[in-house]
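Chemist: Sequence first, predicted model second:
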Amino acid sequence: MAAILSCYINVNYDPVVGILSHNLLIAPVPKPVPSPTFSIEMIAMQMWTAGYLTGQNKFTSTVKHGQWDIVIEGHDIGMLIPDVTIPPVNQWYLIMWPFSSRKLTFESSMVKMDGKMTGCSQAFIPLPMMTCGDPVSAPTTLPILNWLNTVQVGLSLTDLIMGIAAAVISMVIDFVFDKLGGPFDSLGSEFLGKLVPTSPLAVTKMLLNSLVGVGLSAADPRRPAKMELKIGMPGIAELGLEANPGDVSVGGSLLGGKDNRGGVGGYAEGHVVNNPNGVDTYATGGRSGQDPWTAGTPPPSGS
């Protein structure tokens with residue numbers, strides 16, 4: 001497998017900035033209607049306090065660049081990024097800030113760190129990050145200083161195709177469901193709807209995103225196929241169902257669960273495992289940074 005381009009690694013202090021659009025909502029009017037306006041995707045480090053503490057940031061723990069942790073697959077700068085719209089007075093901040101997100105679009109399968117693919121984003125030969133927005137999320141933010149890092153990794157053609165495909169499909173789904181969306185009710189109902197989708201349209205979008213995720217996972221030769229469905233607020237409280245080959249699990253997490261870097265997250269999950277001896281069940285849970293409790297017998301590590 002040959003690399004078709006290279007990317008400077010990102011570490012936890014690398015700043016990221018961009019531009020996109022978010023809804024604008026200004027009251028008082030009898031029935032305010034949010035509409036898209038330009039937004040400045042404010043500068044944020046790859047290590048963002050809220051995202052770091054709640055486990056949305058994904059960094060190496062054993063592999064370092066100097067003394068700095070390196071961004072790996074699954075990384076999201078996370079919640080509470082204070083992006084600013086034009087004009088800056090906007091009630092929609094109550095929605096866009098708590099649910100903010102800047103996720104990796106591209107990952108290198110050619111170089112793994114701590115057993116994970118290396119995260120790739122750069123401004124030179126652009127490899128942007130996927131950024132939350134209204135009416136669509138889009139790859140519009142870029143790191144601005146990671147070219148000062150002295151390590152580069154290669155991306156294969158598969159790495160590039162899978163990143164582009166995931167971004168394009170996500171944008172198409174957002175666009176279609178924005179056009180199908182019903183009338184705006186209130187900020188409160190919008191917030192609750194993002195936590196727990198209840199409307200037929202929101203449930204359909206959630207299920208479609210999950211099905212598309214399954215399809216992309218099945219088509220991705222870099223990792224085992226899986227299906228994942230989650231509801232809740234990322235990093236705060238989530239319930240989820242995940243199906244990996246031979247293992248179906250349900251569970252929930254608070255404050256990032258076991259990925260919480262501050263040691264205050266908690267999680268619990270139950271597994272049904274299909275193995276050569278039949279079907280086994282076990283449960284595990286606990287607090288981040290501490291040994292988990294288990295009920296039943298988990299399969300050996302790496303099986």
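Modeler: Structure's in. What do you need?
Chemist: Can you tell me which helices and strands the longest helix along the chain packs against?
Modeler: Longest helix in the chain by number of residues (criterion: DSSP state H): helix 157-180. For helix 157-180, the elements it packs on are strand 106-113, strand 129-131, strand 138-143, helix 200-219, judged by 3 or more Cβ pairs under 8 Å, 6 or more residues apart in numbering; DSSP states H and E. In short, each C-beta sits where N, CA and C put it, glycine included.
Chemist: Now that helix: average pLDDT?
Modeler: Helix 157-180 comes out with an average pLDDT of 95.
Chemist: Kindly report the same for stretch 266-282.
Modeler: The model assigns stretch 266-282 a mean pLDDT of 89.
Chemist: what do you get for stretch 238-254?
Modeler: Stretch 238-254 shows a mean pLDDT of 91.
Chemist: What is the end-to-end distance of that stretch?
Modeler: In stretch 238-254, first residue to last residue: 7 Å (Cα to Cα, to the nearest Å).
Chemist: Stretch 87-102 now?
Modeler: Distance between the boundary residues of stretch 87-102 (Cα to Cα) amounts to 22 Å.
Chemist: pLDDT (mean, whole number) over it?
Modeler: 94.
Chemist: quick one: which of the helices and strands packed on helix 157-180 is nearest Ser100?
Modeler: Nearest to Ser100 among the helices and strands packed on helix 157-180 is strand 129-131; the distance by Cβ to Cβ comes to 8.8 Å.
Chemist: Could I get the buried residue list for the closest one?
Modeler: Using 16 or more other Cβ atoms under 10 Å as the test for burial, strand 129-131 gives 129-131.
Chemist: how far does that strand sit from the chain's center?
Modeler: 9 Å (Cα atoms, centre = their mean, to the nearest Å).
Chemist: In this structure, where is pLDDT below threshold?
Modeler: 1, 28-31, 301-303 (pLDDT under 70).
Chemist: Mind putting the buried residues of strand 129-131 into CSV with distance to Trp48?
Modeler: Shown next, in CSV, are those (distance: Cβ to Cβ, whole Å):
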residue, distance to Trp48
Met129, 12
Met130, 15
Thr131, 13
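Chemist: out of the helices and strands packed on helix 157-180, nearest to Gly289?
Modeler: So among the helices and strands packed on helix 157-180, strand 106-113 is nearest, using Cβ to Cβ, at 20.9 Å.
Chemist: Return the list of helices and strands in contact with the helix or strand that the closest one is followed by.
Modeler: Once the chain leaves strand 106-113, the next helix or strand it forms, by DSSP states H and E, is strand 116-120. Helices and strands touching strand 116-120, as assessed by 3+ Cβ pairs under 8 Å, 6+ apart, comprise strand 68-71, strand 106-113, strand 152-155.
Chemist: 7 Å - rerun?
Modeler: strand 106-113, strand 152-155 (3 or more Cβ pairs under 7 Å, 6 or more residues apart in numbering; DSSP states H and E).
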